[in-house]
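S.K.: A predicted structure for the sequence below; I have some questions about it.
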Amino acid sequence: MKKIEFTLNGALRQFDIEPDETLIDLLRRIGLTGTKRGCDTGMCGSCAVVMDGRAVNACILFAFQAAGRTIDTIEGVGDFDQPHPLQVAMADAGAVQCGFCTPGIVMTAKALLDEKPDADEEDFRQHLDGNLCRCTGYVKIKEALLSCSANATASGEAS
Amino acid sequence: MNYVDFKIPTSLAEARAILTELGDQAMPVAGSTLHVFLRDESPKVGVDISRLGLGEIADAGDHYAIGATTTVADLHAFSAPGWVLNRVAEAFVTQPIRNMATVGGSVVRVFPWSDWPIPLLALDAEFVITGDQERVMSAKDFFARQPFHHLQPGDILTSVRVPKMPANAGFGYFKERRTTTDFSRCTVAACVSIEEGTLADARIAIGAAVPMPIRMGAVEEALKGAKPSAAKIETAVLNGLEGVRWKGLHGISDDYARHLTVVRMVDALQAACDEATAQTGEQK
Ligand SMILES: Cc1cc2nc3c(=O)[nH]c(=O)nc-3n(C[C@H](O)[C@H](O)[C@H](O)COP(=O)(O)OP(=O)(O)OC[C@H]3O[C@@H](n4cnc5c(N)ncnc54)[C@H](O)[C@@H]3O)c2cc1C
Ligand code: FES
Ligand code: FES
């Protein structure tokens, strides 16, 4: 075990980690199980978290790579009582069925909207090209995410 | 990977000292996105090289100097005259991987399906290795064998120099994949320049359908000085395949790999010629 520290969901924290522990292993070990393990090889996006403002796959990132950085997970975004607008939009649009892909999608979309609040359909398509959903068929996810863009009403893209 | 320890240096000198001391035991870690494909289970010390100040793209006159730990997302976002690597970045895996993967990590260990060696070969990039002394290698030499064999303990690839495309030049790039995370079955990059209606320069590199990425010298030679017509391009490609060892990846036959690559070589050269022609405002 070796100590590292990084800012997790807004709070600077210390962690004892194994050198070969991945970030998803660490997060789930400390109880943050909202980050989902799907493929474990960087192909599905269900483990997406945000590192220094950018979406990354926690399953292929080693925990030590997070040292000194800022990591945001779904637990820091919103909860049942105070959901984030993206979470509300996903629920309202019926963009969630089993929900396994949802945390990864919300984190990836949030990273995009934080950088580009008026993201358009092409931006979402590009930024979410690493998020697989086995249930919904993507149309409702697209509608939900677009409705959160600052230009949603202006462009009339959201339903 | 079997990491038994890790180090997080914050300067190039510190990183080099650690790598020199640890020798074969050390594994530089940039984005770490290649590690799922490495079967090496020997004990290693992961050395995080992502904080050495090597993450910028600089305008260096006739070329862009890309710091080795610049992410593919940054190559994608970068926009400047004579810069075409955003087109390669766009077809590279997925956004989270683009956010993590670096240009250095993408060229030090080459798999048959690796994307980046092909455009960097076609663009005549150069690779700067910092060891006890700094040395610069041409793309042809760098990719002549597995590039990590060029690195001695303590050496770090610090920069990739990519010549700016001149105003009379065009670039064509094709990568055949079925899904965003799918490996390429055939990757082709072509770069041409046109002067007074003829091809002053033609460069083409292929990968994924061959064991290691290569430049297609015979095709290039046949095109130089020629008028860029569809017929000329096709003839040059078909006559320039001698000696190439085809290797189909992921379930496609060697023959089909050859066929696909021939089609895409013609497409890439045509796209590059069309772009160069449009740039120069000349008629085909
Ligand atoms: C799901 C998935 C799909 C993928 N698909 C593709 C694909 O289609 N095409 C493709 O090309 N790649 C693909 N990759 C592989 C990988 O993303 C790339 O090879 C990547 O660009 C590696 O970059 P990195 O920064 O993550 O390197 P790392 O994994 O950190 O390092 C790779 C190797 O290079 C060494 N290294 C890194 N930087 C330096 C340096 N500056 N100096 C010396 N040594 C160094 C490391 O020690 C290591 O051996 C895929 C990866 C995943 C997870
Ligand atoms: S679990 Fe990380 S990308 Fe699938
Ligand atoms: S809702 Fe089930 S995987 Fe997306």
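M.R.: Alright, I've got the coordinates. Ligands and ions are numbered 1, 2, ... in the order given.
S.K.: Going by residue numbers, what spans are helices in the chain?
M.R.: If you meant another chain, say so; for now it's chain A. Secondary structure of chain A (DSSP state H): helices located at A:23-29, A:85-92, A:102-115, A:121-127, A:139-147, A:152-155.
S.K.: You answered for a different chain; I wanted chain B.
M.R.: B:12-22, B:72-77, B:85-90, B:95-100, B:105-108, B:117-122, B:139-142, B:217-223, B:230-239, B:254-280.
S.K.: Those helices into a markdown table, with extra columns for distance to residue B:5 and mean neighbour count?
M.R.: Using the backbone N, CA and C atoms, a C-beta is placed for each residue, glycine as well. Output for those, formatted as a markdown table (distance: least, Cβ to Cβ, whole Å; neighbours: other Cβ atoms under 10 Å in any protein chain shown):
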| stretch | distance to residue B:5 | mean neighbour count |
| --- | --- | --- |
| helix B:12-22 | 9 | 17 |
| helix B:72-77 | 28 | 21 |
| helix B:85-90 | 33 | 19 |
| helix B:95-100 | 22 | 28 |
| helix B:105-108 | 20 | 24 |
| helix B:117-122 | 31 | 27 |
| helix B:139-142 | 30 | 18 |
| helix B:217-223 | 45 | 19 |
| helix B:230-239 | 51 | 16 |
| helix B:254-280 | 42 | 20 |
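S.K.: Just give the number of residues close to the residue of chain B found nearest chain A.
M.R.: Closest approach between chain B and chain A, counting by Cβ to the nearest Cβ: residue B:94, at 2.7 Å. Look at residue B:94: counted by other Cβ atoms under 10 Å in any protein chain shown, it has 25 neighbours.
S.K.: And the helices of chain A: which comes nearest residue B:127?
M.R.: Checking these against residue B:127 by Cβ to Cβ gives helix A:121-127 as the closest, at 28.8 Å.
S.K.: what about the closest one, distance to the chain center?
M.R.: 15 Å (Cα atoms, centre = their mean, to the nearest Å).
S.K.: One more: stretch B:73-83?
M.R.: 15 Å.
S.K.: Run the contact check for it versus ligand 1.
M.R.: No. Judged by Cβ under 6 Å from any ligand atom, stretch B:73-83 makes no contact with ligand 1; its nearest approach is 10.5 Å.
S.K.: re earlier: give the closest residue to the residue of chain B closest to chain A in space, chain neighbours not counted.
M.R.: Excluding the flanking residues, the one nearest residue B:94 by Cβ to Cβ, 6 or more residues apart in numbering or on different chains is residue A:130, at 2.7 Å.
S.K.: Residue 78: neighbouring residues, count only.
M.R.: This is for chain A. For residue A:78, the count of nearby residues is 16 (other Cβ under 10 Å).
S.K.: ah, no, chain B please
M.R.: 15.
S.K.: just residue A:79 next, same as before
M.R.: 12.
S.K.: do residue A:37 as well
M.R.: The burial count for residue A:37: 17, using other Cβ under 10 Å.
S.K.: and chain A, which of its residues are near ligand 1?
M.R.: Close to ligand 1, as judged by Cβ under 6 Å from any ligand atom, chain A has residues A:41-43, A:60.
S.K.: I'd like the distance between residue B:171 and ligand 3.
M.R.: 38 Å (Cβ to the nearest ligand atom, to the nearest Å).
S.K.: my bad, residue A:139
M.R.: 12 Å.
S.K.: who touches the residue in chain A positioned nearest to ligand 1 in this structure?
M.R.: Closest to ligand 1 within chain A is residue A:42: 3.1 Å, counting by Cβ to the nearest ligand atom. Shown in contact with residue A:42 (Cβ atoms under 8 Å, 6 or more residues apart in numbering or on different chains): A:57, A:59-60, B:33, B:36, B:93-94, B:96-97, B:181.
S.K.: again with residue A:110
M.R.: Shown in contact with residue A:110 (Cβ under 8 Å, 6+ apart): A:50, A:72, A:77, A:84, A:86.
S.K.: Ligand 1 contacts on the stretch 151-284 of chain B?
M.R.: Counting by Cβ under 6 Å from any ligand atom, the residues of the stretch 151-284 of chain B close to ligand 1 are B:151, B:156-157, B:181, B:183-184.
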